[in-house]
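A.B. asks: With the input below, show me the fold.
(chains A, B, C and D)
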2 protein chains.
Amino acid sequence: MTEHSAPARRPTIKEVARLAGVSHQTVSRYLKSRQGLLPATLERIDGAVEELGYRPNLMARSMRTRRTGRLAVVMPVTTFNHARLLSGALAAGHEAGHVVEVVSVEGSTATRTERVLELAQSGQVDGVLSLTPMAAGIEHGLPEGAAVVVSPDFDDAMRSIGELTDASPVTELMERLAALGHRRFLHVAGDQDWASARARKAAYLEAVERLGLESVGVAEGDWSGESGVEAVMRLDSDRLPTAVIAANDVVASGVVRGAHERGLDVPGDLSVTGWDDNELCRFLPPSLTTVRINLEGVGRNAVLRLIKAVGGPELEPWSGPVTQVIWRESTAPPGRPSASPSAGTR
Amino acid sequence: MTEHSAPARRPTIKEVARLAGVSHQTVSRYLKSRQGLLPATLERIDGAVEELGYRPNLMARSMRTRRTGRLAVVMPVTTFNHARLLSGALAAGHEAGHVVEVVSVEGSTATRTERVLELAQSGQVDGVLSLTPMAAGIEHGLPEGAAVVVSPDFDDAMRSIGELTDASPVTELMERLAALGHRRFLHVAGDQDWASARARKAAYLEAVERLGLESVGVAEGDWSGESGVEAVMRLDSDRLPTAVIAANDVVASGVVRGAHERGLDVPGDLSVTGWDDNELCRFLPPSLTTVRINLEGVGRNAVLRLIKAVGGPELEPWSGPVTQVIWRESTAPPGRPSASPSAGTR
DNA sequence: GAAGCGAAAGTGAACGTTCACTATTCTGCC
DNA sequence: GGCAGAATAGTGAACGTTCACTTTCGCTTC
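C.D. replies: From the prediction side, this is the model:
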């Protein structure tokens, strides 16, 4: 579109100064605070800025000030699923007067580490919050440049951030189910490359042990609905569990479908729990008991750590609960006939 | 972490030059291509770079070259739902040698327009792809700076991008349902602030007209499952539709639930279609007929337009189908008893 | 009425690169 | 041996800001 002649130079501070009949430094002051200037001067600069359509070149500014006002959140594309986490991060950054950008990374740990370092030291951002795990000892490679806050508990397979691996709700789910009378459980796990999947599995096993329950096993899974269907189809008819803890809602819906295909009623014959509070959960027949995660809060707190690290203001972190179990129709005491579907949406 | 003394200056090209015993320009050349240098010189610079841990300051570089190699995708946070769209955009940008960043905007049209202009003219990015609609005539406000490609059909309420408003699958759905024998339809619409919702509604009405079908009405909705439930509950028993076109999968699942609550069988008494191909769709009882959208392709093409606008290489666009109807259990000829896979639901 | 002071404005040098030149060295050829 | 021409390297000026000073001016104050 643009001709190759004269790359459409934008007006600079000096041109504004000339037009306003002042020095460039005066315009700089005007830009900075509009204070300490004579009203008449102010007005003339106003006019010149308007006339030229001047806008400061942020790149030049940051070059001089060594501050960009920009933060980067690096994350693997797969985690974009957690859009609400981003949403919280963006809001917190904005509050602290920063622009938050999202940069994606792919490839091996080494590649990703390199990419993050490059970004941190490119001078293009003040800080980098990496939701991707990096080669150990990266801190030492950093010449005190942009602060990189690697969210601490992000795991090797770059899939989960600290608070997301909190699997305590599994315990809550199982204690309640046990109280309802369930004794025989099944866990359909998520992809074990993910820290959160490992955490849930561990919490399941721990709860079985501690509460003296019986586990018919842990079905390997990959977060897919199919893995849920299969796990149920493979169950031994002589030793069916009465409750299934699924790694997430998709898996849980697969479990429900598998149960139906085997002629099992949910929750009559089988109670099922999910994880994530997928929008559809409430409307499934039966509506799904699940775990809601406050992703906005998690995102906010991660960015707050970063802002603090780059010397920004200390803002109020989200301190409320991060997870919450939502009980719905898919869980009930064992052996009872299923309550009629119209027994209520919640 | 960082002490307040001496802001940790990073080594510059000149320091590398001094250490290597060459001029700064030689180092610059080294950085640019590593060509036209004596092997011995190359080696010495290599050593110096290594020793100092030097990395070029991209900000200073872009200041001189007036090129940043960075593109920004501006989008409202709500659209982060379309993570797969981003994924396509990022991949295309990478292919063309650009870094793609995601910047979010909120607020009124005026605020957003301002924000986008600021970004475009800040010198921090080469191009801006705005998925947010902006005040008309913005092009004229742009002094040929960074190219802003407003995705053309993005609507006033900043919710949809051109290809996403393609509602032709609605026609496909209805033609097939009509062929199966359906005559009386209901549409549960999405929030009419969204262009895509308006497009689907319009396509529904057009199809009713053209195919000579009967419509029991268009239920206003807001993309929520509740709106689906309510739409069904409010239906006149004397004049029930046999097919429901829901604005998306969540609404559709609400419709299914509402139908069950009224004792209607899906698809026996009522065929239901959704939109989006939500992961859970396949596992619902009954699995949901829906429309899959190739968001990656849409994102890729949008970024390709931008890259072309900023004078980048012309890459292969995604030219395959953008939408695809997926037929599943929730649709069947009217009046037939449900082909119950297990009869398990009731 | 001159010294003192504060407000307002100006001057020139940085920031870390690359660009456009110019200078030097090497090579091969007559 | 001298010279053209390429290959290699160096010099200084940009890029658009802000920082650290300096200057100018007008007003008190004694």
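
A.B. asks: element containing the residue most central in space within chain A, please.
C.D. replies: Nearest to the geometric centre of chain A sits residue A:85, at 3.4 Å (CA atoms, centre = their mean). Assigned by DSSP states H and E, residue A:85 belongs to helix A:83-95.

A.B. asks: So which residues make contact with the helix or strand just after that helix?
C.D. replies: Using DSSP H and E, the helix or strand that follows helix A:83-95 towards the C-terminus is strand A:99-105. For strand A:99-105, the surrounding residues in contact (CB atoms under 8 Å, 6 or more residues apart in numbering or on different chains) are A:69-77, A:80, A:86, A:89-90, A:93-94, A:111-112, A:115-116, A:119, A:125, A:132, A:303, B:72, B:90, B:99-104. The way it works is simple: take the backbone N, C-alpha and C, and place the C-beta from them, glycine included.

A.B. asks: mind running it again at 6 Å?
C.D. replies: For strand A:99-105, the surrounding residues in contact (CB atoms under 6 Å, 6 or more residues apart in numbering or on different chains) are A:70-74, A:77, A:90, A:93, A:112, A:115, A:132, B:90, B:101-102.

A.B. asks: picking up where we left off before, show me what the helix holding residue A:85 is packed up against.
C.D. replies: The contact analysis (3 or more CB pairs under 6 Å, 6 or more residues apart in numbering or on different chains; DSSP states H and E) places helix A:83-95 against helix A:295-309.

A.B. asks: any residue of the helix it packs on up close to chain B?
C.D. replies: No. On the criterion CB under 6 Å from any CB of the partner chain, helix A:295-309 is out of touch with chain B, staying 6.7 Å away.

A.B. asks: swap in stretch A:47-63?
C.D. replies: Yes. With CB under 6 Å from any CB as the criterion, chain B is reached by stretch A:47-63 at A:55, A:57, A:58, A:59, A:60, A:62, A:63.

A.B. asks: So, low pLDDT: which residues of the stretch 201-346 of chain A?
C.D. replies: The stretch 201-346 of chain A contains residues with pLDDT under 70 at A:336-346.

A.B. asks: Let me see the ranges of the helices in it.
C.D. replies: In the stretch 201-346 of chain A, the segments counted as helices under DSSP state H, counting those that start in this stretch are A:225-233, A:249-261, A:295-309.

A.B. asks: Just say which of the ones you listed is most tucked in.
C.D. replies: Among these, ranked by average contacts under mean count of other CB atoms under 10 Å in any protein chain shown, first place goes to helix A:249-261 (a mean of 28).

A.B. asks: Packing partners of that one?
C.D. replies: helix A:225-233, strand A:243-246, strand A:271-273.

A.B. asks: just the strands in chain A please.
C.D. replies: When assigned using DSSP state E, the strands of chain A occupy the ranges A:70-76, A:99-105, A:127-130, A:147-150, A:184-188, A:214-219, A:243-246, A:271-273, A:290-293, A:323-326.

A.B. asks: Minimum distance to DNA strand C: which of these has it?
C.D. replies: Of all those, strand A:70-76 sits nearest to DNA strand C, with 16.8 Å by CB to the nearest atom of the strand.

A.B. asks: Counting by contacts, list what that closest one packs against.
C.D. replies: If you count contacts as 3+ CB pairs under 6 Å, 6+ apart, strand A:70-76 packs onto strand A:99-105, strand A:127-130.

A.B. asks: Just send those back as TSV, with distance to DNA strand C, mean neighbour count and mean pLDDT too.
C.D. replies: Formatted as TSV, those follow (distance: least, CB to the nearest atom of the strand, whole Å; neighbours: other CB atoms under 10 Å in any protein chain shown; pLDDT from 0 to 100):
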stretch	distance to DNA strand C	mean neighbour count	mean pLDDT
strand A:99-105	20	24	76
strand A:127-130	18	28	78
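
A.B. asks: Dump the helices and strands packed on helix A:249-261 to a markdown table, plus distance to chain B.
C.D. replies: As requested, the helices and strands packed on helix A:249-261 are exported to a markdown table (distance: least, CB to the nearest CB, whole Å):
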| stretch | distance to chain B |
| --- | --- |
| helix A:225-233 | 4 |
| strand A:243-246 | 11 |
| strand A:271-273 | 11 |
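
A.B. asks: want to try CSV for those, with distance to residue B:209 as columns?
C.D. replies: Compiled in CSV, the helices and strands packed on helix A:249-261 are given as follows (distance: least, CB to CB, whole Å):
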stretch, distance to residue B:209
helix A:225-233, 38
strand A:243-246, 45
strand A:271-273, 44
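
A.B. asks: Near DNA strand D, which residues of chain A are found?
C.D. replies: Neighbours of DNA strand D within chain A, by CB under 7 Å from any atom of the strand: A:9-10, A:12-14, A:24-25, A:28, A:31-32, A:54, A:56-57, A:60-61, A:63-65.

A.B. asks: just checking, which of those residues belong to helices?
C.D. replies: Assigned to helices by DSSP state H, the following of the residues of chain A next to DNA strand D qualify: A:13, A:14, A:24, A:25, A:28, A:31, A:32, A:60, A:61, A:63, A:64, A:65.

A.B. asks: Quick check, the second one in contact with residue A:24.
C.D. replies: Yes. Using CB atoms under 6 Å as the test, residue A:14 is close enough to residue A:24 to be in contact (4.7 Å).

A.B. asks: Many thanks, I have nothing further to ask.
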